[in-house]
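J.: Any chance you could fold what I've pasted below:
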Amino acid sequence: MATYFLILSYDGTAFNGWQAQKKASLRTVQETLEGAAAKIFGVSTPVTASGRTDAGVHALGQVCSFCADTSIPPEKLADCFNALLPPDVRAMESGLAPADFDACRSAKRKTYVYSLYFSRRENPLKERFCVRAGTMPDLKGMSAAAKLLEGEHDFKAFCAADSSAKTTVRTLYAVRLRREPALTGEEMRIYVTGNGFLYNMVRTIAGTLLDVGQGRKSLADVERALVAGDRGAVGRTMPAKGLCLLGVEYDKVVPADKNFTEIS
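T.: Numbering: from 1, shown residues only. As a prediction, this is how the structure comes out:
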């Protein structure tokens, strides 16, 4: 029995998140992947992800691990999975991992990206993966607010009320904005890298930064949210469709990708 990793990319639109649900009617990425694994290996094969993505959230670099007894070359496992997986989820890479590797517990840093576009009207070519936000906000104010979020803080105010997390303290290594010209209008990406995230945390960070940029929240509100845990001081929780798990970093177990480890 050996331990393997998979790097997954999926369109989360039609998935009820990563984690398998008791209701068979709820389609999840984990259930879909484990169904394929059972066919490949002939036995039930639990698959662990770096973290749970919520319903409607996408992933470019979700990392998974599992144990299996197989003669299939590790680098070919991705192709075996893809032959059985639906078109909205794909294994981009596979390989052999150390015996003690666990995609969740071994993760060091994760990077999410939230995508916005600015337009008077909805653009059907963007609506699946971006959120329309009207006119371009004040980038200077947003950048200043993003800087306040970096470091170790109690992010209780940025967490959904029904979160089961034992502690709400997290460390954000970088919160960066990138403005990008597009064929129609302009787009913005909000990159957030941290050691872990609370339920709805990144979506609420994106909403808070946008509210600062649009004049609905101030830098003082952001500071109050971090110091006092005042939920009323943070912005809206943005829709799931704009959020994507960009990548996960480990201690040289899974191949690193500069696209998500180096954000300017």
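J.: And for residue 243, the neighbour number?
T.: Residue 243: 27 surrounding residues under other C-beta atoms under 10 Å. For glycine as for every other residue, the C-beta is placed from the backbone atoms N, C-alpha and C.
J.: what do you get for residue 82?
T.: So residue 82, with other C-beta under 10 Å, has 15 neighbours.
J.: which residues does it contact?
T.: 90-91 (C-beta atoms under 8 Å, 6 or more residues apart in numbering).
J.: pLDDT value on it, please?
T.: Looking at residue 82, its pLDDT reads 98.
J.: And for residue 260?
T.: 43.
J.: how about stretch 21-34: buried residues?
T.: Judged by neighbour count using 16 or more other C-beta atoms under 10 Å, the buried positions of stretch 21-34 are 27-34.
J.: In the stretch 1-150 of the chain, what residue spans correspond to helices?
T.: 29-41, 77-82, 139-149 (DSSP state H, counting those that start in this stretch).
J.: Grab the nearest non-local neighbour of residue 11.
T.: residue 88 (4.3 Å; C-beta to C-beta, 6 or more residues apart in numbering).
J.: I figured the one you found hits residue 10, correct?
T.: Yes: here residue 88 reaches residue 10: they are 6.0 Å apart, a contact under C-beta atoms under 8 Å.
J.: Of these two, which one has the most company?
T.: Between residue 88 and residue 10, counted using other C-beta under 10 Å, residue 10 has the larger neighbour count: 26 against 16.
J.: Just to check, the more buried one is in contact with residue 91?
T.: No: using C-beta under 8 Å, residue 10 is not in contact with residue 91, being 9.8 Å away.
J.: phi, psi of the nearest residue to residue 218 once chain neighbours are set aside?
T.: Leaving out its chain neighbours, the residue that sits closest to residue 218 by C-beta to C-beta, 6+ apart is residue 212, at 6.8 Å. Phi and psi for residue 212, reported as degrees, to the nearest 10, are phi -60, psi -50.
J.: Now do the same contact list for residue 212.
T.: Residue 212 touches 137-138, 141-142, 144-145, 218-219, 221-222, 235, counting by C-beta under 8 Å, 6+ apart.
J.: residue furthest from the geometric center of the protein?
T.: The C-alpha centroid of the chain is most remote from residue 71, which lies 32.4 Å away (C-alpha atoms, centre = their mean).
J.: Buried residues, stretch 131-151. List them.
T.: For stretch 131-151, by 16+ other C-beta under 10 Å, it's 131-133, 137, 141-142, 145-146, 148-150.
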